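Visitor: All I have is the shape, not the residue letters:
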(Lines give C-alpha, C1' and ligand atoms only; values in the text may rest on other atoms or scores of the structure.)
Protein backbone atom coordinates (compact mmCIF):
# COMPACT_ATOMS: atom_id res chain seq x y z
CA UNK A 1 0.00 0.00 0.00
CA UNK A 2 1.36 3.52 -0.70
CA UNK A 3 -0.03 4.20 1.77
CA UNK A 4 2.50 5.59 -0.98
CA UNK A 5 4.95 3.86 -3.25
CA UNK A 6 3.09 1.81 -5.86
CA UNK A 7 2.20 4.94 -7.82
CA UNK A 8 5.85 5.41 -8.77
CA UNK A 9 5.95 2.01 -10.46
CA UNK A 10 2.65 2.53 -12.29
CA UNK A 11 2.10 4.56 -15.44
CA UNK A 12 1.83 8.29 -14.75
CA UNK A 13 -1.66 9.55 -13.97
CA UNK A 14 -2.75 11.36 -17.13
CA UNK A 15 -4.75 14.49 -16.29
CA UNK A 16 -5.19 18.15 -17.24
CA UNK A 17 -3.72 19.40 -13.94
CA UNK A 18 -3.65 19.03 -10.19
CA UNK A 19 -6.19 20.19 -7.60
CA UNK A 20 -4.49 20.93 -4.28
CA UNK A 21 -6.90 20.63 -1.35
CA UNK A 22 -5.79 22.09 1.97
CA UNK A 23 -6.60 20.56 5.34
CA UNK A 24 -10.30 19.58 5.33
CA UNK A 25 -10.30 18.58 9.04
CA UNK A 26 -13.30 16.25 8.66
CA UNK A 27 -14.83 15.64 12.08
CA UNK A 28 -18.05 14.63 13.75
CA UNK A 29 -17.22 17.05 16.56
CA UNK A 30 -18.25 20.65 15.83
CA UNK A 31 -15.19 22.95 16.03
CA UNK A 32 -15.03 26.18 17.99
CA UNK A 33 -18.03 28.46 17.72
CA UNK A 34 -19.64 26.88 14.66
CA UNK A 35 -23.40 26.65 14.98
CA UNK A 36 -24.24 24.62 11.88
CA UNK A 37 -27.26 22.38 12.55
CA UNK A 38 -25.53 19.43 10.78
CA UNK A 39 -21.89 20.12 11.53
CA UNK A 40 -20.05 17.86 9.18
CA UNK A 41 -22.24 18.96 6.26
CA UNK A 42 -20.26 22.14 5.40
CA UNK A 43 -16.88 20.40 5.21
CA UNK A 44 -18.35 17.45 3.29
CA UNK A 45 -20.04 19.89 0.89
CA UNK A 46 -16.65 21.53 0.25
CA UNK A 47 -15.16 18.13 -0.57
CA UNK A 48 -18.11 17.36 -2.86
CA UNK A 49 -17.40 20.66 -4.62
CA UNK A 50 -13.77 19.57 -5.00
CA UNK A 51 -14.96 16.32 -6.62
CA UNK A 52 -17.14 18.24 -9.10
CA UNK A 53 -14.35 20.70 -9.87
CA UNK A 54 -11.68 18.00 -10.27
CA UNK A 55 -13.87 15.78 -12.43
CA UNK A 56 -15.17 18.66 -14.53
CA UNK A 57 -11.64 19.88 -15.30
CA UNK A 58 -9.87 16.49 -15.28
CA UNK A 59 -7.70 17.40 -12.28
CA UNK A 60 -5.96 14.90 -10.00
CA UNK A 61 -6.73 15.65 -6.31
CA UNK A 62 -3.91 16.15 -3.82
CA UNK A 63 -4.74 16.50 -0.12
CA UNK A 64 -2.10 18.48 1.80
CA UNK A 65 -2.76 16.72 5.12
CA UNK A 66 -5.23 16.79 7.99
CA UNK A 67 -8.03 15.07 6.12
CA UNK A 68 -9.34 14.32 9.60
CA UNK A 69 -9.50 16.57 12.66
CA UNK A 70 -8.49 13.67 14.92
CA UNK A 71 -6.36 10.60 14.18
CA UNK A 72 -9.30 8.31 14.94
CA UNK A 73 -12.68 9.52 13.80
CA UNK A 74 -15.23 7.57 15.88
CA UNK A 75 -18.31 8.29 13.75
CA UNK A 76 -18.68 5.38 11.32
CA UNK A 77 -21.53 7.13 9.50
CA UNK A 78 -19.31 10.14 8.82
CA UNK A 79 -16.52 7.90 7.53
CA UNK A 80 -19.00 6.17 5.22
CA UNK A 81 -20.17 9.54 3.87
CA UNK A 82 -16.55 10.58 3.35
CA UNK A 83 -15.72 7.32 1.55
CA UNK A 84 -18.61 7.85 -0.86
CA UNK A 85 -17.36 11.36 -1.60
CA UNK A 86 -13.75 10.27 -2.12
CA UNK A 87 -14.85 7.46 -4.44
CA UNK A 88 -16.45 10.14 -6.61
CA UNK A 89 -13.11 11.50 -7.80
CA UNK A 90 -12.23 10.35 -11.33
CA UNK A 91 -8.57 10.24 -10.31
CA UNK A 92 -7.75 8.58 -7.02
CA UNK A 93 -6.82 11.18 -4.37
CA UNK A 94 -3.30 11.29 -2.98
CA UNK A 95 -3.14 12.38 0.66
CA UNK A 96 -0.15 13.68 2.54
CA UNK A 97 -0.19 12.95 6.27
CA UNK A 98 -0.87 15.88 8.59
CA UNK A 99 -0.38 16.24 12.33
CA UNK A 100 -4.12 15.74 12.97
CA UNK A 101 -4.08 12.46 10.98
CA UNK A 102 -1.72 10.58 13.31
CA UNK A 103 -1.76 9.48 16.97
CA UNK A 104 1.95 8.80 17.15
CA UNK A 105 4.90 10.04 15.11
CA UNK A 106 3.91 8.17 11.95
CA UNK A 107 0.76 6.93 10.22
CA UNK A 108 -0.30 3.56 11.63
CA UNK A 109 -3.09 1.05 11.04
CA UNK A 110 -5.00 2.50 14.00
CA UNK A 111 -5.42 5.89 12.28
CA UNK A 112 -8.54 6.62 10.24
CA UNK A 113 -6.50 7.90 7.28
CA UNK A 114 -4.68 4.56 7.06
CA UNK A 115 -8.04 2.76 7.06
CA UNK A 116 -9.10 4.79 4.00
CA UNK A 117 -5.84 3.95 2.23
CA UNK A 118 -6.08 0.24 3.02
CA UNK A 119 -9.69 0.33 1.77
CA UNK A 120 -8.48 1.68 -1.62
CA UNK A 121 -10.35 4.97 -1.31
CA UNK A 122 -7.21 7.10 -1.53
CA UNK A 123 -3.45 6.78 -1.45
CA UNK A 124 -1.68 8.13 1.63
CA UNK A 125 2.01 9.03 1.77
CA UNK A 126 3.35 7.71 5.09
CA UNK A 127 7.06 8.41 4.45
CA UNK A 128 8.85 11.46 3.08
CA UNK A 129 9.91 10.82 -0.50
CA UNK A 130 8.78 10.49 -4.09
CA UNK A 131 5.10 9.57 -4.29
CA UNK A 132 3.67 9.75 -7.82
CA UNK A 133 4.06 10.80 -11.45
CA UNK A 134 1.52 12.85 -13.39
CA UNK A 135 1.36 13.40 -17.15
CA UNK A 136 0.01 16.92 -17.56
CA UNK A 137 -0.18 18.54 -21.00
CA UNK A 138 2.69 16.47 -22.42
CA UNK A 139 4.87 17.14 -19.39
CA UNK A 140 5.87 14.62 -16.76
CA UNK A 141 5.57 15.89 -13.18
CA UNK A 142 7.24 14.08 -10.30
CA UNK A 143 5.39 14.59 -7.05
CA UNK A 144 6.97 14.07 -3.66
CA UNK A 145 5.56 14.58 -0.20
CA UNK A 146 6.74 14.97 3.37
CA UNK A 147 4.29 14.07 6.14
CA UNK A 148 4.16 16.09 9.34
CA UNK A 149 7.21 15.66 11.56
CA UNK A 150 9.46 14.12 8.91
CA UNK A 151 12.52 15.62 7.24
CA UNK A 152 11.98 17.57 4.05
CA UNK A 153 14.70 16.67 1.52
CA UNK A 154 17.17 19.48 0.95
CA UNK A 155 17.54 18.45 -2.70
CA UNK A 156 14.98 16.63 -4.85
CA UNK A 157 17.15 16.52 -7.99
CA UNK A 158 17.49 13.01 -9.32
CA UNK A 159 14.49 11.65 -7.44
CA UNK A 160 12.30 11.74 -10.56
CA UNK A 161 14.35 10.68 -13.60
CA UNK A 162 12.75 11.91 -16.80
CA UNK A 163 10.41 14.35 -15.06
CA UNK A 164 10.05 17.82 -16.55
CA UNK A 165 9.03 19.34 -13.21
CA UNK A 166 9.01 18.37 -9.55
CA UNK A 167 6.40 19.37 -6.98
CA UNK A 168 6.90 18.70 -3.29
CA UNK A 169 4.06 18.76 -0.74
CA UNK A 170 4.77 19.23 2.95
CA UNK A 171 2.72 19.49 6.09
CA UNK A 172 5.06 21.74 8.02
CA UNK A 173 5.13 25.32 9.24
CA UNK A 174 8.00 26.74 7.23
CA UNK A 175 9.66 29.82 8.68
CA UNK A 176 10.99 32.19 6.04
CA UNK A 177 13.14 34.57 8.05
CA UNK A 178 10.94 34.52 11.16
CA UNK A 179 9.19 32.03 13.38
CA UNK A 180 5.57 30.99 13.05
CA UNK A 181 3.15 32.43 13.96
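Guide: Here it is on my side, so go on. Because the structure is a prediction, the values reported are computed rather than measured.
Visitor: Pull up the pairing partners for the helix or strand residue 135 falls within, direction included.
Guide: Using DSSP states H and E, residue 135 sits in strand 129-136. Its sheet considered, strand 129-136 pairs with strand 13-15 (parallel), strand 139-146 (antiparallel) by DSSP bridges.
Visitor: Could you export these to TSV, including columns for distance to residue 66, mean neighbour count and mean pLDDT?
Guide: For every residue, glycine as well, the C-beta is placed using N, CA and C. Shown next, in TSV, are the strands paired with strand 129-136 (distance: least, Cβ to Cβ, whole Å; neighbours: other Cβ atoms under 10 Å; pLDDT from 0 to 100):
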stretch	distance to residue 66	mean neighbour count	mean pLDDT
strand 13-15	23	17	97
strand 139-146	13	21	97
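Visitor: Identify each buried residue in the strand holding residue 135, please.
Guide: For strand 129-136, burial by neighbour count (16 or more other Cβ atoms under 10 Å) applies to 129, 130, 131, 132, 133, 134, 136.
Visitor: Equivalent analysis for stretch 55-67, please.
Guide: Buried-residue list, stretch 55-67, by 16+ other Cβ under 10 Å: 59, 60, 61, 62, 63, 64, 65, 66, 67.
Visitor: List the residues that contact the first one.
Guide: The contact partners of residue 59, by Cβ atoms under 8 Å, 6 or more residues apart in numbering, come to 15, 16, 17, 18, 19, 53, 91.
Visitor: I'd guessed the second one sits against residue 56; true?
Guide: No - using Cβ atoms under 8 Å, residue 16 makes no contact with residue 56, being 10.2 Å away.
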